[in-house]
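*Asks:* Just to be clear, the model below is a prediction. Sequence and coordinates:
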Amino acid sequence: MLSSDMSARPASPSRNHRLADGRSVVIRPIRPEDEAAERAFLDGLCTATKQRRFMHLARSVDEGLLRYFTHVDSERHLAFVCEAGSAIVGDARCVANPDGRSCELGIVVADDWHHTGVAQLLMDALLNAARARGFERMQGIVLADNRDMLDFTRELGFETSLAPEGLGIVRIEKRL
């Protein structure tokens with residue numbers, strides 16, 4: 001297993017895309033040098049978006065989380081960003097569970113970029129990388145009132161179930 005501070009990158013190259021609204025974006029693996037852009041992206045999310053992504057109110061990003069998000073090992077932690085110009089507007093990642101065969105999903109898109117196709121592009125890249133890495137299942141937890149995420153993941157073939165972690169939480173899972 002690679003150390004979490006190594007900067008190995010997934011084999012997935014950067015890919016240019018044109019969204020339905022005409023804007024151009026790039027989907028690519030995250031890099032250590034993305035720290036400032038990732039901080040700006042995460043700090044720019046509204047409180048509700050942060051709560052839906054992190055399940056608690058994250059007022060600011062600390063250095064440890066920022067480093068964890070940008071220095072991925074590409075073996076246990078896969079991460080992609082969506083860039084528009086020099087700004088990050090979306091982030092999708094998965095981290096291996098202890099069994100090594102499944103991974104936990106996380107995705108967030110900038111508030112001004114919801115419903116543009118960015119989430120779909122990020123998930124396509126992430127699902128393909130997770131399959132190539134050999135993960136068999138992708139899982140996640142979603143707040144039960146996050147209808148957009150639940151609808152989106154159902155469209156991608158994720159199954160839902162009530163999570164034993166607590167009320168108001170739904171577990172999602174997809175076989176890869």
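*Replies:* Good, I have the coordinates. Worth saying up front: this structure is predicted, and the values here are computed from it rather than measured. Residues are numbered from 1 along each chain as shown.
*Asks:* how much space between residue 134 and residue 164?
*Replies:* 27 Å (Cβ to Cβ, to the nearest Å). Just so you know, the C-beta spots here come from the backbone N, C-alpha and C atoms, and that holds for glycine as well.
*Asks:* Check residue 40 too.
*Replies:* Counting by Cβ to Cβ, the gap from residue 40 to residue 164 is 36 Å.
*Asks:* more neighbours, these two?
*Replies:* More neighbours surround residue 40 than the other of residue 40 and residue 164, with 13 against 7 (other Cβ atoms under 10 Å).
*Asks:* Isn't that one up against residue 87?
*Replies:* Yes - assessed by Cβ atoms under 8 Å, residue 40 is found in contact with residue 87 at 7.1 Å.
*Asks:* CA atoms only: put the longest strand seen in the chain into CSV for me.
*Replies:* Longest among the strand segments of the chain by residue count, using DSSP state E, is strand 87-96. Output of strand 87-96 as CSV, limited to C-alpha atoms (Å, rounded to 0.1, in the frame of the first residue of the first chain):
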residue,chain,number,x,y,z
ALA,A,87,-11.5,27.1,-10.2
ILE,A,88,-12.5,23.8,-8.8
VAL,A,89,-16.3,23.4,-9.0
GLY,A,90,-16.8,19.8,-8.0
ASP,A,91,-15.0,17.0,-6.1
ALA,A,92,-15.7,13.3,-6.1
ARG,A,93,-13.8,10.7,-4.2
CYS,A,94,-13.8,7.2,-2.7
VAL,A,95,-11.8,5.7,0.1
ALA,A,96,-11.2,2.0,0.6
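*Asks:* So what touches the longest helix seen in the chain?
*Replies:* Looking across the chain with DSSP state H, the single longest helix is helix 118-133. With contacts defined as Cβ atoms under 8 Å, 6 or more residues apart in numbering, helix 118-133 is touched by 10-12, 15, 17, 19, 25, 27, 75, 78, 80-82, 89-94, 103, 105, 107, 109, 138, 152, 156, 174, 176.
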